[in-house]
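A.B. asks: Predicted coordinates and the sequence they were generated for:
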Amino acid sequence: NAGVTQTPKFQVLKTGQSMTLQCAQDMNHNSMYWYRQDPGMGLRLIYYSASEGTTDKGEVPNGYNVSRLNKREFSLRLESAAPSQTSVYFCASSGGADSNSPLHFGNGTRLTVT
Amino acid sequence: KNQVEQSPQSLIILEGKNCTLQCNYTVSPFSNLRWYKQDTGRGPVSLTIMTFSENTKSNGRYTATLDADTKQSSLHITASQLSDSASYICVVSWMDSSYKLIFGSGTRLLVRP
């Protein structure tokens, strides 16, 4: 049982390059999320998808786009990377959108933009 | 402003000792409070979820307490092990929604032999 799988684990981009971070879950969860984690700060929500076919902006969506490809997969795209997007990105999923559903996180993608 | 503050920022203890981590929050309306453990290079893993009416919740050697009146929570680790070395993150949910979460910046715990 893999849980939440993220690829790639590491990535280095030059300013202006684009890339897509992939996320897949095998727990049949309805809700999926993308967070970023920066040193000294709490995780911040970029985008979420409450169910297949829906996506919504979180706290810090600028510079990102997402696609809920199907129930299992939720990708995050950086169209034109900037140094401010250097961060660790976590994908998560939960069984429901209520607050009592625990989040299950992947192991992150460490992105450096030079 | 909704905020979650954790203390201390970092802590070093000897193996076998107990420790307590603190979380203060100013989140309204409060729905629940969670503690996560994050090992280096890994994603956070849920330890406990506590609702407004719960004062104490245990998960093995981890015991979380919640005082909703003073808006404080603590995570007590008993008989620490080397594997407890990690960051511990306090998360408060508001508006009864899984995407309305306020994350603390974590306490980094190092357990030394």
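C.D. replies: Perfect, thanks for sending it.
A.B. asks: Please count neighbours and contacts with C-alpha atoms only from this point.
C.D. replies: Fine.
A.B. asks: Distance-wise, check B:A86 relative to chain A.
C.D. replies: Note on B:A86: its distance to chain A, by Cα to the nearest Cα, to the nearest Å, is 14 Å.
A.B. asks: What is the burial count for that residue?
C.D. replies: Neighbouring residues of B:A86 were enumerated by other Cα atoms under 10 Å in any protein chain shown; the total is 20.
A.B. asks: Can you pull the residues of chain B lying near chain A?
C.D. replies: Listed as neighbours of chain A in chain B under the rule Cα under 8 Å from any Cα of the partner chain: B:31-32, B:41-46, B:49, B:93-94, B:96-100, B:102-106.
A.B. asks: can you pull up the bridge partners for the residue nearest the centre of chain A?
C.D. replies: Most central in chain A under Cα atoms, centre = their mean is A:W34, positioned 2.7 Å from the mean C-alpha point. On DSSP bridges, the residues paired with A:W34 through beta bridges are A:Y47, A:C91.
A.B. asks: ok, now which ones touch it?
C.D. replies: Shown in contact with A:W34 (Cα atoms under 8 Å, 6 or more residues apart in numbering or on different chains): A:L45, A:I46, A:Y47, A:Y48, A:L76, A:Y89, A:F90, A:C91, A:A92.
A.B. asks: what about the nearest residue to B:T51 once chain neighbours are set aside, distance to B:Y25?
C.D. replies: Distances taken as Cα to Cα, 6 or more residues apart in numbering or on different chains place B:N32 nearest to B:T51, at 4.4 Å, with adjacent residues excluded. Distance, B:N32 to B:Y25, by Cα to Cα, to the nearest Å: 11 Å.
A.B. asks: do A:G95 as well
C.D. replies: 26 Å.
A.B. asks: Of those two, give the one with the bigger neighbour count.
C.D. replies: Neighbours per residue, other Cα under 10 Å: of A:G95 and B:Y25, the larger number sits with B:Y25, 23 against 19.
A.B. asks: How many residues are close by the closest residue to B:Y62 other than its chain neighbours?
C.D. replies: Spatial nearest neighbour of B:Y62, excluding adjacent residues (Cα to Cα, 6+ apart): B:I77 at 4.9 Å. Applying other Cα under 10 Å, we find 21 other residues in the vicinity of B:I77.
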